[in-house]
Structure formats: structure tokens, C-alpha cells
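[1] Fold the following.
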Amino acid sequence: MEPQFSAFPFEPYGIQIDFMKAVYSSLDKGGIAMLESPTGTGKTLSIICSALQWIVDQKQRLKSESGGVSGRNGITGDQPISDDEPDWMRSFVPVPVREDQKLEKAKKLGHRLLSFDKRRSKNDCRDLFSKSVEEKEDFGNQKGIVIPQKNRDTVVLNEEEEYLLEEYESEEEGKADAKSKRKADSVSYSSSSDEKEEDGLRDEEDIKVYFCSRTHSQLSQFIKELRRTTFASELKVICLGSRKNLCINEEVLKLGNSTRISERCLELQKHRKEGFSKTKIGGDGRRIQRTKNSSGCPMLRTHKLQRQFMNEVTQQEVLDIEDLVRLGKSIGTCPYYGSRNVVPVVNLVVLPYQSLLFKSSRESLGLNLKNSIVIIDEAHNLADCLTSMYDSKITLSQLDQVHSYLELYFEKFRKLLGAGNRRYIQTLMVITRAFLRVFLDDKNTSILKSCHSTEHDPGEKNVCDSSLAINEFLFSLNIDNINLVKLMLYIKESNIIHKVNGYGAKLASIQGGSMIDDGGVKENALSGFQALVDIFVSLTNNDGDGRIIISKRRDMCSGKPEGYIKYVMLAGEKIFTEITNQAHAVLLAGGTLQPIEETRERLFPWIPPDQLNFFSCSHIVPPESILPIAVSHGPSGLSFDFSYSSRSSPVMIEELGRLLCNLVTVVPEGIIVFFSSFEYEGLAHDTWKASGILARIMKKKRVFREPRSNADVELVLKEYKDTIVALSAGGPKENPVLHNGAVLLAVVGGKVSEGINFSDGMGRCVVMIGLPYPNPSDIDLMERIKHIEGLGESNTSRTPMISINNESCNGDAVQAGFGILRSCKRRGREYYENLCMKAVNQSIGRAIRHINDYAAILLVDSRYASDPTKRCYSHPTSKLPQWIKDCLISTTGNYGEVQKLLSQFFKFNKERECLRKSDWKIS
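    Sure thing, here's the model as predicted:
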């Protein structure tokens, strides 16, 4: 029986029906599918109407097969319990042991109960800071606090005792899954009947769809499209976001930085769970235990409000991030935690890449992918995005601060710490000291003498980058005998980071003469500790999964050493398998997924090329609405060559300026010009300004520039759009300067090039300057290229290396990069070329957003122009989307021919647009 897509809000085009059938069929089959639909063809709406229709049909099928009963009652035991959940949230998740059983066990053992989930594997130490370091379960009387029995009255610590660690002991030392415990001589009791009330949101949906995309704006666009369908009211939907996007605590939001916001949020949860923190010495010499004034975030103090939030979310139509924030503010409760707890009962979860693809984030959010549908949009760079999530990095300044704080803490409390704490803190100091040795100038102690390294341009900062395998790095530092898994478990359970950081920050504030605010040293130190733990996690990977990058530099002015240690994850297959093994189906969607072979080899090589489920459809716009031209010569006849060795030439930049002077006379409304980098855009702008070319351009069109800061992009885009809209509306008649539109100077890889739609007059012409190949001096990139070149080889320990179009930069690092590229035979070279052309395709795809849209696409570089006798697969234009390749004018006699084609194109489409509008008015 043919599927029916009745939720589609209007009569779908043929290619949209084909695409929806392909999605539906892929979900029936299960497994992995790649679905390509050009930007502007209604891809998002087609995904919604096909995937959710499959869910509805599947539920109906299950209902009929089971005689009207479907679903399962209660949340399954598979749902992981996040360690960073506030206390009240744990009441919403069923646990296998009753509270009275836990209380009895606690009384017998005389220990606090740890909430660490012992079912998790030893590898579940990732992203420790996405979880709170410790959660305690309290029973009995809230007010009664029992002072530890161990007598420490001989040492008066006053307020500093709050930084003292509880005694720590590891059981079963020799086992990887060793359980740990904290010695304590008493149990703190607390209970709340309010927390034990049923929340009414216990039934979990059998089938769930997870839709993820890269940016917040793309997710908002998805919700906007969803609201156009009947599914918005028929199915339950929740949109998940980061703490920065969902937090409503003004004091926390003032921190600005997303990392600091997350750290402060978790710190508030930790404070809420701690029963007390300070010990004072009374007048009679007796110690007095005092509870903390802070009880955590004020937005999480009332459980009833959280239930109200969750009930309203499930009863209303679909809400986006902004709606959830408004609802949280109106109720007065946290939308971040509230939205997380709604996940089990919804049919559709909309969330960013990181939340779904990063294992620790999935576990923290409690996402159960078993038998679910996972849809990954904008999947053209999925392999790189996935592996980069598992990268880690710590700077020399962070290492120095962490090591200093550890030494200060150990010196102060060493006589009071138990053997377990002393041993682990000393281990941490050994590791940080070893890491710091990496940056010493003494070559006799340097670990870099046997590893691959490249010197950068001395004019930079005297930079030396090196790469090593994990085992090579550990052996060189003599820390290969340290059990990092056990060390991470200690860090997680002992609260060592917050204790050491708190004490170090206090000393720093005293020495500075003033207290530290929330945005100061304390948060920076926490970031350093987090970076250190991330490195530890990375070092537990398999030796061939990634590489350690060591970057050493010395500032030429101050002579101060700088640098970082970074882990670059290279193996994406294992990470992606964690998702595909659980989900019923995984769909990779995008406007330009080709070439698909690279993605297959890196993420799911077990699928033979001829068995990969791949679907691609054409564009909805007719060929006469697109004019792609390879522009090889400028107005004066100069051949365009924007390779690195030629592009900075004033002659080349001025010829490009003359091209724009001609374009602004023939192209109506908006022109978007893409440069390879901000530096090159700045060089071109300054050159045009000095030569008077910029003034000539501005006589016809206003000129806007993409700012480096993402925060300023929206304002520039608004002014650009307002200029175009004012033109179409007739413009202010009192304005003596008659502009015929605007020019936006943008950068490939910037915010404008991805996720921003320039439909109609916003993008009548897109100009791509040159071929934006990545910089070969990027050692991370070169390691990926070497890894990809060796995929499928029996010996991947030594992989070859690529030269593309003889581009070169100053410095030995660039030459080393080209040496790697020249050595590549196929995969590495193709990957390097694909990075360039994927960036080109993303940029030129910003125009042509609907069936009645039209635009010209100019590929400005002689390398785009093809010689019919030499054209091959590796030619840049062979990797353009098919709908552009079919219309591409690859050769022109001179620039005059280009100008003529543009004039005819815009004249024809303007007349057609006027005719269409007149027909619409008559009808």
C-alpha cells in the first residue's frame, strides 16, 4: 500500500513526493540511509511529513496487531540516570530499589550512599563536567546533621575545613570495574514527601524520532516547518537546547560564556545537594556545623513548578527554545531541566548535534536510542563533526594553574588527608608535572626529539608543532603505568576538583586583595581542570583512534613560552556504531551529501558501496532560473588565479574589483561575494578602498561586510535585508543617492555561508572567489588526511601524505603539509579536495530557495573553467551539485560574453516575474 502524506500543508511537487517515499521506505527497511535534496526544495518539510507519518502508521499497525493495546507502561530500566540531575528530578525516574531498602542498607553500612550508576562501563567517564561530581541521597530528618566522629580538634582549620576531602578508599584495586566508597562515620538524613509524589509523566513512547541539526537557527527553522503540519497538534514534541540557550537565572547568564554557564549551573546543583559546608569554632571551643545559605539555583527549588512546566509543555502545541524560555520565566522554573524530563513521553525530540552524537551528552540527557529513528540533518560534514566532538585540549597556562592549585592544596592539607586521597592527588601532580615538561626548552628532556615535528614561520611566534600516538606519548612521559580509568573515577566521586579549585581561588583572591567574582579566576581554573579530565578521557582511547598534537611556541616580544597539548580523534566508525547499533534507522539528510564514498568509508565501511541506501533528487526550479558560469578572465582580460601564491597580488585584487564594478551595473538587488578567509576579504577591501574601486562600487550598491563576531552578524544581515526590501518598495524618494541594491562581502566557513537563506532579492548573484582549500599548515588537518589515506590498508601506522594546485604558504609547516599531500595516492587527496568543494557547495547553495526564485552563480577562477580534453573526476566542477552541473557554462571567450549572459538572464527572469505577478493579481 502506497503511503499517504496528508499532513503536507499544500500540494507537493513530484520530487517532494519521491523524497518522502524514499524516507518512508528507508524507515521500513531500517539501517542507514543517505538522502540528498537540494537546498530550497522543501527538504525539512518533506522529512517531517514522511518520518512522522511513518510513526503514526507504525503505531496504528501495532495497535491493530495487539488488539488496541500499544505502548508500555513506565520508563524502562534502560534509561540512564544522569549524575548531574538535581535531587528533585530523580523522583521522576523509577529506580529498582525502594527508598526503605536504601535506608536500611545505609544504616547497616554506616556510609553515605553514592548515586554513581554502577551499571555503567569503565569507559563511561566522558565529559565528567556534564555531570555533577557527586550526588548524595539523604534520608530522615532534614535538620539533623551528624558531625563526623573522627577527632580533628587538634587542628583548627576554621572556614578552610570546607575544602577538606572526605576520606577515600578504593575497593578491588586490581579490577577495572572497581567499586569505590567514601568513608564516613555517619549518615545525614533528609526526606521530602513532595519529591515522592507521582508526576503523571511516566509512560514512555514506544517509538521515538530524534531530529538533530548543527545550529540553533536550523532547529528553529525545523520547528517553524513542523508547525505548518497537523503533526504539531497530534504528536508530543520537545526541543532540547544548551544551558546557555535555556537558562533563565540572570546571575548565571551574566557569565556570558557557555562553558562558565554550565560550570556555574552544575556548581549550584552541587551546593544544593551538600548538607553542610562550614565548621566554626564556638566560644566554648566546641565545633559548630553550619548549613550553607545557598540551596542551589532558585529556579529549581520548587518541585511543583517543575511539574507544572512539564505538564504545560506536553499539553501545548510544539514549542521552540524561545517558547520554552518564556514558559519557564512565566512559571518561574528552569526550562533546561524541565525540558529534559519530558523526553521519555514525547514522540519527537529536536536537539543539536552535540546532544545526540556525543555519548556523554546522550547519557546525561537520558536519551534511549533503542529502536528509535535518528535523523541527522546537514550531514555533509558529519564525519568531521562527529570526530571533532571527541577532541580535547589543554593549554600551557591551564596546566600551570592546575598544577599550582594542586600543590597549594596538597601542601595545606597533606597531614589531614587519608592515604587514598594523598595517593591520587600525588598521581595528579605527577601527571601535570610530566605534561609541563613537554614545554621545557631543554632538548635532553624533550619528548619531541623522536616525533614528527614542523617549524612554522619564525615571524609568527617561533612555533613548533608535533604529533605522536597515544602510547608513544605516555611512554615518553613515563606515565604509562598509571591507571587513568581509576584516576578518573576518583576525580568523579571525590569532589577533588571543586575542593582544590575552591581553595586555590580563595588564596588567589586574598593575594589579589579582593574577592573573585563569578566570571573570574574560579571559573577559569575549573575550565582548566575540565580540560585535564578531557585529556585523560582521550588517553584511554585505542592507540590508533587518534593522535596527540603538541604545539610549542615562544612569544617573540615577551619570550614567554606558550602552547598546548591536544588530542585529535580520527576514528569515526566506532563512535557512529554506538548510534547505529541501537537505533532502528539512521537517516543522513542534506542538500549536498556527495561525494558519499568518503562518508561511507569513515563512518560505516561495513556497508558495501553497491548496497548503500542512497537517494538524490533534482531541484524544483527550472533550468532557466539558474545561471552558473565559470569566470576565467576579468574585464581587462587578466586570467583569474586565486591560488595562494597569486591571490595577494594587487593586480589580481584590482581585477577582481573591476569585475564587481561591472556586476553592480547588471545584477539587480543583492550580490553575495564569498572570500576564502577574513584576512583575504580584508586585504581586498583595503586595496579597493585605496584604489578608488570601492567608491565606484558604492555608487551603485551599498557594501556590507560579514563581521568576525557571530554576535554582530544578525545586525549586518538586518541592514543588508532592509536595503533590499526598501529597494523593492521604491525606496525613500528624498534619498539623493540612488542605489540599485547591496553587496555583502562574506567568508567561506563563516556564519553567512551556512544556514542563512538568501532568497529572492537577497541573493540574485553569488560570487565564489577562488577555490577555498584548507591551509596545509594545519597539523590537525594533516593528521586526518594521513589517517584517511590509510583507511582500508593493512598497516595504518605509517600513512602517506597531498599537493593541490601547487598552493604554498610561507613557513616550513606549509611545505610539510604539501609534502603529505603529494604522498597521497587517492583517499587523502580526495578528502582534501572534498573539503574545498563542500565549502563551495554550501556557500553557493544560499541562493535559490523556492520554485519561483532565480539567481546567477559565478565561479571566479581559471581552475573552474574546464578543458573538454582534460576534464576528469578530480576537476573541481565535477563535485558541484548535479542541478548546477547540468546548467554550468564552463567556458567563455572573454568577460564581455559573461556580461552579456548576465544581462539576458536577468532581463528574461524579470519579465517572467512581472508576468507571474500580473497573473496572480488577475486571479
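[2] Show me where the stretch 401-550 of the chain dips below the pLDDT cut-off.
    441-462, 512-524 (pLDDT under 70).
[3] Which stretches in it count as helices?
    419-437, 470-476, 484-494, 496-512, 521-539 (DSSP state H, counting those that start in this stretch).
[4] Specify the angle between the third one and helix 521-539 in degrees.
    Calculated by axes from the mean of the first three to the mean of the last three Cα atoms, to 10 degrees, helix 484-494 forms an angle of 150 degrees with helix 521-539.
[5] Could you check how far helix 484-494 is from the centre of its chain?
    26 Å (Cα atoms, centre = their mean, to the nearest Å).
[6] Can you spell out which helices and strands pack onto that helix?
    strand 168-170, strand 180-182, helix 419-437, helix 521-539 (3 or more Cβ pairs under 8 Å, 6 or more residues apart in numbering; DSSP states H and E). (C-beta placed from N, C-alpha, C; glycine too.)
[7] ok so, going back, closest one to Val237 among the helices of the stretch 401-550 of the chain?
    helix 521-539 (32.3 Å; Cβ to Cβ).
[8] Measure how that closest one sits relative to helix 496-512, angle-wise.
    With the same axes, to 10 degrees applied, the angle from helix 521-539 to helix 496-512 works out at 150 degrees.
[9] contacting residues for the residue most central in space within the chain?
    Residue closest to the average C-alpha location in the chain (Cα atoms, centre = their mean): Gln354, at 4.9 Å. When contacts are counted by Cβ atoms under 8 Å, 6 or more residues apart in numbering, Gln354 touches 242, 361, 389.
[10] Would you check how far apart it and Arg227 are?
    Distance of Gln354 to Arg227, computed by Cβ to Cβ, to the nearest Å: 25 Å.
[11] what sits against Thr687?
    Thr687 touches 650, 653-654, 657, 693, counting by Cβ under 8 Å, 6+ apart.
[12] among those, which ones are buried?
    653-654, 657, 693 (16 or more other Cβ atoms under 10 Å).
[13] Now tell me which helix or strand of the protein has the poorest mean pLDDT.
    helix 99-109 (a mean of 43; mean pLDDT, DSSP states H and E).
[14] quick one, which of the helices of the stretch 401-550 of the chain is nearest to Asp323?
    helix 521-539 (29.7 Å).
[15] Hmm, Asp545 is touching Gly572, no?
    No - applying Cβ atoms under 8 Å as the test, Asp545 and Gly572 come out as separate, 9.6 Å apart.
[16] The residue nearest to the centre of the chain sits in which helix or strand?
    Gln354 belongs to helix 353-357 when elements are defined using DSSP states H and E.
[17] Quick one: mean pLDDT for that helix?
    Helix 353-357 shows a mean pLDDT of 93.
[18] Restricting to C-alpha, output that helix in CSV.
    What follows is helix 353-357 as a C-alpha-only set of coordinates in CSV (Å, rounded to 0.1, in the frame of the first residue of the first chain):
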residue,chain,number,x,y,z
TYR,A,353,24.3,17.6,17.2
GLN,A,354,26.3,17.6,20.4
SER,A,355,23.4,16.4,22.5
LEU,A,356,22.8,13.3,20.3
LEU,A,357,26.1,12.4,18.8
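[19] following that helix, which helix or strand comes up?
    From helix 353-357, the next helix or strand downstream (DSSP H and E) is helix 359-365.
[20] what's that following helix packed up against?
    Of the remaining helices and strands, those touching helix 359-365 by 3+ Cβ pairs under 8 Å, 6+ apart are helix 353-357.
[21] give me that answer again for 10 Å
    helix 335-342, strand 348-352, helix 353-357, helix 573-580 (3 or more Cβ pairs under 10 Å, 6 or more residues apart in numbering; DSSP states H and E).
[22] who does whichever helix or strand comes after it pair up with?
    Following helix 359-365 in sequence order, the next helix or strand is strand 373-376 (DSSP H and E). Strand pairing for strand 373-376, using DSSP bridges, gives strand 209-213 (parallel), strand 585-590 (parallel).
[23] could you dump the ones you listed to JSON lines with mean neighbour count, distance to Ser558 and mean pLDDT?
    Output for the strands paired with strand 373-376, formatted as JSON lines (neighbours: other Cβ atoms under 10 Å; distance: least, Cβ to Cβ, whole Å; pLDDT from 0 to 100):
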{"stretch": "strand 209-213", "mean neighbour count": "24", "distance to Ser558": "43", "mean pLDDT": "96"}
{"stretch": "strand 585-590", "mean neighbour count": "25", "distance to Ser558": "46", "mean pLDDT": "96"}
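[24] Could you dump those into CSV with distance to Glu162 added?
    What follows is the strands paired with strand 373-376, written out as CSV (distance: least, Cβ to Cβ, whole Å):
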stretch, distance to Glu162
strand 209-213, 41
strand 585-590, 48
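[25] For Lys43, find the nearest of these.
    The nearest among the strands paired with strand 373-376, by Cβ to Cβ, is strand 585-590 at 6.6 Å.
[26] which helices and strands does the very next helix or strand once past that closest one pack with?
    The helix or strand immediately downstream of strand 585-590 is helix 596-603, counting by DSSP H and E. Contact here means 3+ Cβ pairs under 10 Å, 6+ apart; on that basis helix 596-603 packs against strand 31-36, helix 382-388, helix 573-580, strand 585-590, strand 613-616, helix 779-789, helix 827-844.
[27] In TSV: the ones you listed, plus distance to Glu669.
    Shown next, in TSV, are these (distance: least, Cβ to Cβ, whole Å):
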stretch	distance to Glu669
strand 31-36	29
helix 382-388	34
helix 573-580	43
strand 585-590	28
strand 613-616	31
helix 779-789	37
helix 827-844	17
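[28] closest one to Val673 among the ones you listed?
    Here helix 827-844 is closest among the helices and strands packed on helix 596-603 (Cβ to Cβ), at 10.2 Å.
[29] mind saving the C-alpha coords of the closest one as PDB?
    These are the backbone C-alpha positions of helix 827-844, laid out as PDB (Å, rounded to 0.1, in the frame of the first residue of the first chain):
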ATOM      1  CA  ARG A 827      41.700   8.900  -0.400                       C
ATOM      2  CA  GLY A 828      43.700  11.700   1.300                       C
ATOM      3  CA  ARG A 829      43.800  13.700  -1.900                       C
ATOM      4  CA  GLU A 830      40.100  13.300  -2.400                       C
ATOM      5  CA  TYR A 831      39.300  14.300   1.100                       C
ATOM      6  CA  TYR A 832      41.300  17.500   0.800                       C
ATOM      7  CA  GLU A 833      39.500  18.300  -2.500                       C
ATOM      8  CA  ASN A 834      36.100  17.400  -1.000                       C
ATOM      9  CA  LEU A 835      36.700  19.800   2.000                       C
ATOM     10  CA  CYS A 836      37.100  22.600  -0.600                       C
ATOM     11  CA  MET A 837      34.200  21.700  -2.800                       C
ATOM     12  CA  LYS A 838      31.800  21.000   0.100                       C
ATOM     13  CA  ALA A 839      32.500  24.600   1.300                       C
ATOM     14  CA  VAL A 840      31.900  25.900  -2.200                       C
ATOM     15  CA  ASN A 841      28.600  24.000  -2.500                       C
ATOM     16  CA  GLN A 842      27.400  25.200   0.900                       C
ATOM     17  CA  SER A 843      28.100  28.800   0.000                       C
ATOM     18  CA  ILE A 844      26.600  28.900  -3.400                       C
END
